[in-house]
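Q: need a structure here:
(one chain, ligands or ions: 1)
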Amino acid sequence: VRVALVGFGYWGPNLARNLRACPTTTLAVIADPSHERRAVADRLYPDVPTVADLASALLADVEAVVIATPASTHYPLAVVSLSEGKHVLVAKPLATNVEDAATLAKGAERAGLTLMVDHTFVYAPAVRKLRELVVAGNLGRLLYVDSARVNLGVFQRDIDVLWDLAAHDVSILGYLTDELPVEVAAVGIDPLAVGRATCAWLTCRYESGFVAHVAASWLSPVKVRRMTVAGEKRMVVYDDVEPVTKIRVYDAGADVDPVEAQVSYRTGDVWSPLVPVTEALAVEVEHFAAACAGTETDWPSGAPEALDVVRVLEAARRSLDERGAPVAV
Ligand SMILES: NC(=O)c1ccc[n+]([C@@H]2O[C@H](COP(=O)([O-])OP(=O)(O)OC[C@H]3O[C@@H](n4cnc5c(N)ncnc54)[C@H](O)[C@@H]3O)[C@@H](O)[C@H]2O)c1
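A: So this is what the prediction gives:
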């Protein structure tokens, strides 16, 4: 599959590296309006032409466009790419509102083109292992998820911290539960007056009573990427910063005697299942190529999943504006 990469800022180079390494994709052209970024691309990939915009990239006889530009540009760039008959892989979030995301989903379906979103973590081996444990009933009934995705930076200019960081948690939650929350509530702060929430706390309530809580911040002294998934039988801590033991399963919990109303605690073994060392983006790019070639029809970050993530984030934005009021998804 011949691919045009649009956007070569921070994230674009990671996609470029994987598009080069994947045996079924050819990185045919790189587009970025910035001279500096094109110079970096020329140095890294001297054999790949660089151009200033999507229109010029589309002249390079490509079948697919990979978009790694700021969120507010995803919709216009994806609309043009789809209307030119190209398959599209777009960085998260698919769009910055539900209406635009739905238009893209419909457009791709009508044209019979692949529209995938770079929800990177649903291709991460650790998250796939976590899903395996949940689906196999290893944890029992899910009670809650508590997630922290915080670091110092990178402040985005066109989206708040929930659209930037919590987008990952929301996509992981959809992948783990196959469910959308029925209601969300979010509070956030903008202590440096940058014009959007830089620290925010999102609560998602599900029909079953299960609750997921996500803390997202660009203003933390340390990098944390930790998700606790508590089940009735077992609990898992998924720590993406850990080099080896990313998943730890705790044979721990509490039982309540319904008659005596007494709580007894269980603390047993802690084990760490083997998680293959494979880069999530490599898996994702391979899926994308197979989807474009029509050899694969099922992948975990297609238009329906991307639209669900945008639905949750849009409800979260309304809740932020209403100072934490619950908003139906
Ligand atoms: N999956 C992940 O873990 C992950 C991590 C970081 C960023 N991202 C996503 O990647 C996207 C880009 O983020 P970034 O941090 O690389 O931003 P960035 O600002 O570092 O880079 C964006 C690049 O796009 C270029 N650009 C802007 N408008 C363009 C246009 N119309 N056509 C072509 N190029 C254009 C800019 O010149 C810049 O070089 C965002 O959607 C972000 O959410 C994903």
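Q: ok, the residue in the chain that the ligand sits nearest to - contacts?
A: The nearest approach of the chain to the ligand comes at G9, 1.7 Å away (Cβ to the nearest ligand atom). C-beta here means a position set from N, CA and C on the backbone, and glycine is covered the same way. Going by Cβ atoms under 8 Å, 6 or more residues apart in numbering, G9 touches 32, 34, 37, 68-69.
Q: and for Y206, the neighbour number?
A: Per other Cβ atoms under 10 Å, the neighbour tally for Y206 reads 19.
Q: coming back round to it: the residue of the chain closest to the ligand and S34, how far apart?
A: G9 sits 8 Å away from S34, going by Cβ to Cβ, to the nearest Å.
Q: how about Y75?
A: Using Cβ to Cβ, Y75 is found at 21 Å from S34.
Q: so the two - more neighbours on which side?
A: Y75 (20 against 13).
Q: which SS class is the more buried one?
A: On the three-state scheme (DSSP: H, G, I helix; E, B strand; the rest coil), Y75 is labelled helix.
Q: G107 is in contact with that one, correct?
A: No - if you go by Cβ atoms under 8 Å, Y75 and G107 don't touch, sitting 10.6 Å apart.
Q: what's the burial count for P191?
A: The burial count for P191: 9, using other Cβ under 10 Å.
Q: surely it meets T198?
A: Yes - contact status for P191 versus T198: in contact at 7.0 Å, counting by Cβ under 8 Å.
Q: tell me which element H213 is part of?
A: strand 211-217 (DSSP states H and E).
Q: D257: neighbour count?
A: Neighbour count for D257, taken as other Cβ under 10 Å: 9.
Q: what score does it have for pLDDT?
A: On pLDDT, D257 comes in at 90.
Q: tell me the contacts of it?
A: Neighbouring residues of D257 by Cβ under 8 Å, 6+ apart: 263-264.
Q: from now on call the first residue 53
A: Done: numbering now begins at 53, and the last item shifts to D309.
Q: so how far is V315 from it?
A: 8 Å.
Q: swap in G164?
A: For G164, the distance to V315 - Cβ to Cβ - is 56 Å.
Q: buried set for stretch 55-62?
A: 55-60 (16 or more other Cβ atoms under 10 Å).
Q: wait, is R183 part of a strand?
A: No - looking at R183 with three-state DSSP, it is helix, so not inside a strand.
Q: now it: closest residue in space, sequence neighbours ignored.
A: Of all residues beyond its chain neighbours, the one nearest R183 is L228 (5.5 Å), with distances taken as Cβ to Cβ, 6 or more residues apart in numbering.
Q: mind telling me what element the one you found is part of?
A: helix 219-229.
Q: which outside residues touch that helix?
A: Residues contacting helix 219-229 (Cβ under 8 Å, 6+ apart): 144-145, 171-174, 179, 182-183, 186, 194, 197, 199, 201, 232-233, 254, 256, 258, 262, 264, 266, 268, 279, 281, 352-353, 357, 360-361, 364-365.
Q: now intersect those residues with the helices, please.
A: Among these, DSSP state H puts 179, 182-183, 186, 357, 360-361, 364-365 in helices.
Q: okay, those residues in TSV with distance to A377, pLDDT and neighbour count next?
A: Below are the ones in helices among the contacts of helix 219-229 laid out as TSV (distance: Cβ to Cβ, whole Å; pLDDT from 0 to 100; neighbours: other Cβ atoms under 10 Å):
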residue	distance to A377	pLDDT	neighbour count
V179	31	98	26
L182	31	98	26
R183	32	98	17
V186	30	97	19
E357	26	97	21
D360	21	98	21
V361	21	98	27
V364	16	98	26
L365	16	98	28
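Q: wait, does the strand or helix carrying I82 contact the ligand?
A: For I82, the host element (DSSP H and E) is strand 78-83. Yes - Strand 78-83 comes into contact with the ligand (Cβ under 6 Å from any ligand atom), by way of A83.
Q: for that strand, what is the distance to the chain centroid?
A: Centroid separation for strand 78-83 versus its chain: 23 Å, with Cα atoms, centre = their mean, to the nearest Å.
Q: give me the number of residues near T349?
A: Residues lying near T349 (other Cβ under 10 Å) number 9.
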